[in-house]
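Novice: One predicted model, sequence on top.
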Amino acid sequence: MWKALLFLVVICGATLAAGLVQAQGYSCATRYCSSMRDCGEAWYQLTVCGDLERDGDGDGIPCENVCGSTKTIMRQRLQALGINPDSGGGAAQFVSPAPPQPQDFDCSRRKSCKQMTSCEEATYHLTVCGNRKLDGNNDGVACNSLCRNR
């Protein structure tokens, strides 16, 4: 009896988490890090879909090309998307972050795409600070790994 109840709790929790995250337009269909549009989708693949291949080195950071190479950067990127990665496993809880304001950005810090927490910040550094290194392919879009599909 208790096993059935535990199973029901796990299924309901995963269903709720999947529904919350699918509100962002994520699904388990995307399979490769190179096709992830943001860190939230990579997190969804790892935690909700159970796609452990998205964390190839086992450090808890999925698709490091999109989520960054440290847990601090990953958390910042997820929180910028309104996802709380510390809410427990696949049940990524959505928060309502205030949209970043230009006055929140500073030209003296963060010089590379790996250090940026959002597309907005990267765009600010490209356009206001003049950091052309953020547009590696000269397409006018800062940090393609963060600003893809925008």
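Specialist: On my side now, so go ahead.

Novice: As a check, name the ranges of all helices in the protein.
Specialist: 2-22, 39-47, 64-67, 71-80, 119-127, 144-147 (DSSP state H).

Novice: Compare those helices and say which comes out lowest on pLDDT.
Specialist: Lowest mean pLDDT within the helices of the chain: helix 2-22, a mean of 40.

Novice: Against Gly130, how distant is the residue sitting nearest the centre point of the chain?
Specialist: For the chain, Cys39 is the residue whose C-alpha lies nearest the centre (Cα atoms, centre = their mean; 2.0 Å). For Cys39, the distance to Gly130 equals 26 Å [Cβ to Cβ, to the nearest Å]. Yep, even glycine has a C-beta here, placed from its N, CA and C like the rest.

Novice: Could you report the neighbour count for Gly50?
Specialist: Gly50 sits with 11 neighbouring residues when counted by other Cβ atoms under 10 Å.

Novice: Show the pLDDT at it.
Specialist: 84.

Novice: My read is that His125 contacts Phe105, right?
Specialist: Yes. Using Cβ atoms under 8 Å, His125 is in contact with Phe105, at 7.0 Å.

Novice: Comparing the two, which shows the higher neighbour count?
Specialist: The neighbour count for His125 versus Phe105, taken as other Cβ under 10 Å, is higher for His125 (26 against 20).

Novice: Could you give the number of residues near the residue lying closest to that one once chain neighbours are set aside?
Specialist: For His125, ignoring the flanking residues on the chain, the nearest one in space by Cβ to Cβ, 6 or more residues apart in numbering is Asn131 at 4.6 Å. Residues within reach of Asn131, counting by other Cβ under 10 Å, total 19.

Novice: So that it lines up with my notes, have the first residue be 14 from now on.
Specialist: Sounds good: first residue 14 from here, last item Asn144.

Novice: Next one: the residue lying closest to Thr136 once chain neighbours are set aside from Lys84, what distance?
Specialist: Leaving aside its chain neighbours, Thr136 sits nearest to Ala155 (4.9 Å; criterion: Cβ to Cβ, 6+ apart). To Lys84, Ala155 is 23 Å away according to Cβ to Cβ.
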